[in-house]
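Trainee: just the structure for this:
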Amino acid sequence: MSYYFLEPPIPLSPPTEPYPFPLEALPENIRYFAESVANTTQVHPDMPAVLILSVLSACAQGKAKIRITPEWSEELNLYTAVIAEPGERKSAVFSSLTTPIQEYVSLYNNTFAGEIAAYHNKLSKLESKKSALISSDKDCDDEISQLQQEILELSANPKTELRLLAADCTAEAIAAVMYANNDKIAVLSDEGVFDVMAGLYTNGKANINIYLNSYDGQPVSIDRKNSGNILLRRPLITFGICCQPSVIEDFISDKRFIGKGLAQRFLYSKPPSLCGKRYLCSSPIDPNVRNSYCSVINQILALPESTDCISLSTEAFELFNSFFNEIEHTLGTLGKYDSSRTFLSKLLGKTARICGVFHLCNNDIHTSVSAETMSNAISAARYFQTQNELIFSTSEEFSVAEYVLDRIIATLKKTNSTSYRARDLKRFCQKYKSKQLDEALLILEEHNYLRYTPDNPKNPDRQHGIYELNPYLAYDRQANVNPLSI
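Mentor: Predicted coordinates:
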């Protein structure tokens, strides 16, 4: 056996199914409601458990940050995507989870209806006066300037209808909604929005800067054709999306989303289906459980806007530090093209965000995070880590790598050989272009399936050299074992 093949290959796909979402990690009152929604709608508990994180995040974003170190703090908004086929009762789950937010918005707008109308009336009058003066032939620059100043002062403290939730809006529409709602919005949708991100309504042109900047609250300026530019100073978006498997496959394989890191900002979940195991009647949600959940939602929504940071207790910091070291060690063992690498590099920040959201369910901003809350956040993060491995192992790059490896093994088996020349690859892998083949080969090398040796070490042209198959695969073939599932 070659000296550089001392270990068997690293699997291209997870060896086992990921474990279910740790419901015990959710704050108690939230957990009871998630379990009740799962029972009532007859869906796997993972679906409401994951989506409830985004609902809580939609309430908490902009209320505080969470500080890990003096130099590192995170916002509290989350991007989640649940993958489910049609007929999985996603709409019923969304309705149950978001009803308290809708009720809060309705109550707010009804309570302040008079003030909202007065604000818009005054603003409209000022705008009309300014337009009339501009259209007149009178010399009234000073009066126009005075009106403009009044408009700016009035707009600095707008009184508009509250809107916390949106669906499939374009980037420009999302920006306009955020501008009217303290630079925040939550996109909670049971239909998915990735096609809109990809440019469904903009001739295929994807403008994803607002989604990138709004993950960390980085200022963003949006150009609007008809009403001028707008500046969002601390934009924050929460995503809670349900989509079909084919949609998520397109999303995570789109170079625009992967290359800029948008796909890696999401926490993914693919709950098992309960179709075929459901029954006609189910028990309704206990009113006490519903009221307790609504109370938490209202409590978080009532918090004022703030840039204050939630701090960690000494015990919570020690737990996070241990998890940090674990993830860093894992990153150090992954190859450059491993699909888990970029996800894991952001997992720690997501863990902190989950921790901050959990904390606000039962504590105020000025109370330090407990060790129990941090432990629960880490448990949730481990769930998403295994889910990510499941989702990305079926992405296009890995599908190509599996196909290429299967063809290589089949070809070498015919010749009873363990190596082949690079130039021969296209002959038995004509299905893919050169770039796709090169990427697949790099993945196979990093997973220890192949070893490339150039003909000229000083000029490692990948078109001239030899690929050697890991001998472990030959042994597995003799034992009639599928090498792709090692």
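Trainee: for this protein, longest strand please?
Mentor: For the chain, the longest strand by residue count, based on DSSP state E, is strand 236-243.
Trainee: which SSE is immediately downstream of that one?
Mentor: helix 245-253 (DSSP states H and E).
Trainee: name the helices or strands packed onto that next one?
Mentor: Under the contact definition 3 or more CB pairs under 8 Å, 6 or more residues apart in numbering; DSSP states H and E, helix 245-253 sits against strand 79-83, helix 194-197, helix 371-392, helix 396-415. Quick note: C-beta positions are derived from backbone N, CA and C, even for glycine.
Trainee: quick revisit: alpha carbons of the longest strand of the chain, as PDB, please.
Mentor: Taking C-alpha atoms only, strand 236-243 is exported to PDB below (Å, rounded to 0.1, in the frame of the first residue of the first chain):
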ATOM      1  CA  LEU A 236     -31.600  43.100  10.100                       C
ATOM      2  CA  ILE A 237     -33.500  40.300   8.400                       C
ATOM      3  CA  THR A 238     -34.700  37.100   9.900                       C
ATOM      4  CA  PHE A 239     -35.500  34.200   7.500                       C
ATOM      5  CA  GLY A 240     -37.700  31.300   8.300                       C
ATOM      6  CA  ILE A 241     -38.400  29.400   5.100                       C
ATOM      7  CA  CYS A 242     -39.900  26.100   4.000                       C
ATOM      8  CA  CYS A 243     -39.000  24.900   0.500                       C
END
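Trainee: what's it packed up against?
Mentor: The contact analysis (3+ CB pairs under 8 Å, 6+ apart) places strand 236-243 against helix 46-60, strand 79-83, strand 184-189, helix 209-216.
Trainee: the second one pairs with which strands, parallel or anti?
Mentor: On the basis of DSSP bridges, the sheet neighbours of strand 79-83 come out as strand 236-243 (parallel), strand 266-269 (parallel).
Trainee: which parts of the longest strand of the chain are buried?
Mentor: L236, I237, T238, F239, G240, I241, C242, C243 (16 or more other CB atoms under 10 Å).
Trainee: so what's the first one up against?
Mentor: Yep, that's L236 we're talking about. By CB atoms under 8 Å, 6 or more residues apart in numbering, the residues touching L236 are Q61, G62, E75, N77, D183, K184, S214, G217.
Trainee: phi first, then psi, for the last one.
Mentor: By that I understand G217. phi 70, psi 30 (degrees, to the nearest 10).
Trainee: now swap in the second one and tell me
Mentor: When quoted as degrees, to the nearest 10, the phi and psi of G62 stand at phi 90, psi -10.
Trainee: just checking, it touches P304?
Mentor: No - using CB atoms under 8 Å, G62 makes no contact with P304, being 9.5 Å away.
Trainee: so between these two, which is more surrounded?
Mentor: G62 (23 against 9; other CB atoms under 10 Å).
Trainee: return the distance of that one relative to G349.
Mentor: 17 Å (CB to CB, to the nearest Å).
Trainee: hmm, L412 and T418 touching each other?
Mentor: Yes - taking contacts as CB under 8 Å, T418 lies within contact range of L412: 6.3 Å.
Trainee: show me what the spatially closest residue to A167 that is not a sequence neighbour is bridged to.
Mentor: Leaving aside its sequence neighbours, A167 sits nearest to S189 (CB to CB, 6 or more residues apart in numbering; 5.0 Å). Note on S189: beta-bridge partners I241, judged by DSSP bridges.
Trainee: hang on, S189 packs against C242?
Mentor: Yes - using CB under 8 Å, S189 is in contact with C242, at 7.1 Å.
Trainee: quick one: common contacting residues for the two?
Mentor: Contact criterion CB under 8 Å, 6+ apart; residues shared by S189 and C242: F94.
Trainee: quick one, strands of the protein?
Mentor: Ranges of strands within the chain are 65-69, 72-74, 79-83, 165-166, 184-189, 220-222, 230-232, 236-243, 266-269, 309-310, 419-421, 450-454, 465-469, based on DSSP E.
Trainee: please produce CSV containing the ones you listed, extended by mean pLDDT.
Mentor: Converted to CSV, the strands of the chain look like this (pLDDT from 0 to 100):
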stretch, mean pLDDT
strand 65-69, 97
strand 72-74, 97
strand 79-83, 95
strand 165-166, 90
strand 184-189, 93
strand 220-222, 83
strand 230-232, 85
strand 236-243, 94
strand 266-269, 95
strand 309-310, 98
strand 419-421, 82
strand 450-454, 85
strand 465-469, 85
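Trainee: much appreciated, bye for now.
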